[in-house]
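1. let me see the structure of the following:
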Amino acid sequence: MLQERFSYSTQPHVAPVKTKPKYRDDNENEENNSHKNIMYDARVIRGNTYAARLAATTNQTKQQQEPAWKRVNPKQREINRKFIGKRGSTPPPVDGRSHMDMQTDEYLEVLSDRPIEVDMETQTQAFMDRPPSPLFVPAKIGIDVETQILTGDLFDFDLEVEPILEVLVGKTIHVAMLELLQQEELDAIRAQQEEYEAIRNIEIAEVQRLEAESRRRNEERNRRLEQELKRIEEKRFLEEKIAARGFSQQYLSSLRDNVFESLEAEGAFYDPVKREIEEIFMVDLINSVKDRINNYDTARLLADELLDNVKSYSKTFESQAITIRNQYIEEKRKEEARLLAEQIRLKAEEEAKKAEAIANGEIEEE
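-> So this is what the prediction gives:
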């Protein structure tokens, strides 16, 4: 709504152009008259700033070390190169003056016979620029027309400033309202944060209280469990002690009566003759019987092995004999076939010779 009322427009007009003077000013510095293209400005660094600075410094140093005739443009350098080592003739002196020999070499020589020197100076006429040409003013043609513009016809300040003031005031009020709303929102957020912090602190305190209560309950349960385990261990130890005491009393009561029986059963009391027969004679007898049985088993195993070897050898010999017989039969069959083929070939050759002879007339056909 406000944008539609406060829109501003102006009539199109030609933009002002800053024209450069046709001729330079005498007071203008030579540096200011040079070109203003940034591509040829030595102060502008292109590419890598670290390497370009060194390269520019090196190039400037090289340019300073080079002679003046090498620092000119290529065309001028070619013209100067033609006249290197050549010197034109000196023009004749003007009236009232005379020439004097001077050293122009790169290294001066000390002159032992120094002539009288006189300082002279002259001033050439300064270079005068051509005056600027007057502006071209075409001849006036057409009919002059004039008009009168009264105050308030083109611009009414009170009327034109009203939309601008409305925009400024409206924008200021809008920004103020936004700032007020932002401040209220920040206050609400701060109050909500404080409320949240209070609730969180209460919850943290409650959680800590519950954790402490749970910890106390766990400690009490562990303590009661340790007491019960200790009581059960003491009870088990007492029962084992009572059982061991009863078993020892029962065992020792019959020990006195059974001690001789146990010793006799274990061999503490024995007959020497019986012991000698059992431990010496019977052992030797059993060992000799075992040796004979082992020899019989060894002989039987050797006989079985010999029989197995004979069987395997007979089978191998039989298979070899069958193979040799088959080979002999096959060779005989091949030999018979070869003889038959040879007979057929000889018979065919005889018939061919006979047919050839008949064809040649050597033999009459029967």
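2. quick one, helices of the stretch 151-300 of the chain?
-> 157-266, 272-276, 282-360 (DSSP state H, counting those that start in this stretch).
3. residue 151: which of the ones you listed is closest?
-> helix 157-266 (10.7 Å; Cβ to Cβ). Quick note: C-beta positions are derived from backbone N, CA and C, even for glycine.
4. what about the closest one, average pLDDT?
-> The pLDDT scores in helix 157-266 average 89.
5. for it, packing partners?
-> The contact analysis (3 or more Cβ pairs under 8 Å, 6 or more residues apart in numbering; DSSP states H and E) places helix 157-266 against helix 2-5.
6. rerun that using 6 Å as the cut-off
-> If you count contacts as 3 or more Cβ pairs under 6 Å, 6 or more residues apart in numbering; DSSP states H and E, helix 157-266 packs onto no helix or strand.
7. ok so, going back, can I get the helices of the stretch 151-300 of the chain in a markdown table including mean neighbour count and distance to residue 93?
-> Converted to a markdown table, those look like this (neighbours: other Cβ atoms under 10 Å; distance: least, Cβ to Cβ, whole Å):
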| stretch | mean neighbour count | distance to residue 93 |
| --- | --- | --- |
| helix 157-266 | 10 | 80 |
| helix 272-276 | 9 | 168 |
| helix 282-360 | 10 | 138 |
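8. could you export those helices as TSV, including distance to residue 131?
-> Shown next, in TSV, are those (distance: least, Cβ to Cβ, whole Å):
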stretch	distance to residue 131
helix 157-266	47
helix 272-276	164
helix 282-360	136
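9. so for residue 96, which of those sits nearest?
-> For the helices of the stretch 151-300 of the chain, the distance to residue 96 is smallest for helix 157-266, at 78.6 Å, taking Cβ to Cβ.
10. can you give the distance of the closest one from its chain's centre?
-> 46 Å (Cα atoms, centre = their mean, to the nearest Å).
11. what do you get for stretch 343-350?
-> Using Cα atoms, centre = their mean, the offset of stretch 343-350 from its chain centre is 90 Å.
12. for stretch 289-297, same thing?
-> Using Cα atoms, centre = their mean, the offset of stretch 289-297 from its chain centre is 83 Å.
13. output it in CSV, but only the C-alpha positions, please.
-> Included here for stretch 289-297 are C-alpha records, laid out as CSV according to Å, rounded to 0.1, in the frame of the first residue of the first chain:
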residue,chain,number,x,y,z
VAL,A,289,54.7,-120.6,28.0
LYS,A,290,54.3,-117.1,26.7
ASP,A,291,57.6,-117.4,24.7
ARG,A,292,56.5,-120.7,23.1
ILE,A,293,53.1,-119.2,22.2
ASN,A,294,54.7,-116.2,20.7
ASN,A,295,57.1,-118.4,18.6
TYR,A,296,54.1,-120.3,17.4
ASP,A,297,52.2,-117.1,16.5
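14. who's in contact with that stretch?
-> Residues from elsewhere that reach stretch 289-297 (Cβ atoms under 6 Å, 6 or more residues apart in numbering): none.
15. state the mean pLDDT of it.
-> On average, the pLDDT along stretch 289-297 is 85.
16. over to stretch 45-58?
-> The predicted model gives stretch 45-58 an average pLDDT of 56.
17. and stretch 318-334, by the same measure?
-> 86.
18. how far does that stretch sit from the chain's center?
-> Centroid separation between stretch 318-334 and its chain, computed with Cα atoms, centre = their mean, is 78 Å.
19. for that stretch, output the C-alpha coordinates as PDB.
-> This file holds the C-alpha atoms of stretch 318-334, laid out as PDB (Å, rounded to 0.1, in the frame of the first residue of the first chain):
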ATOM      1  CA  GLU A 318      49.000-115.300 -14.700                       C
ATOM      2  CA  SER A 319      48.100-111.700 -15.700                       C
ATOM      3  CA  GLN A 320      51.500-111.300 -17.400                       C
ATOM      4  CA  ALA A 321      51.100-114.600 -19.200                       C
ATOM      5  CA  ILE A 322      47.600-113.600 -20.400                       C
ATOM      6  CA  THR A 323      49.000-110.200 -21.600                       C
ATOM      7  CA  ILE A 324      51.900-111.900 -23.500                       C
ATOM      8  CA  ARG A 325      49.500-114.400 -25.000                       C
ATOM      9  CA  ASN A 326      47.200-111.700 -26.200                       C
ATOM     10  CA  GLN A 327      50.100-109.700 -27.600                       C
ATOM     11  CA  TYR A 328      51.300-112.800 -29.400                       C
ATOM     12  CA  ILE A 329      47.800-113.500 -30.800                       C
ATOM     13  CA  GLU A 330      47.500-109.900 -31.900                       C
ATOM     14  CA  GLU A 331      51.000-109.900 -33.600                       C
ATOM     15  CA  LYS A 332      50.100-113.100 -35.300                       C
ATOM     16  CA  ARG A 333      46.800-111.700 -36.600                       C
ATOM     17  CA  LYS A 334      48.600-108.600 -37.800                       C
END
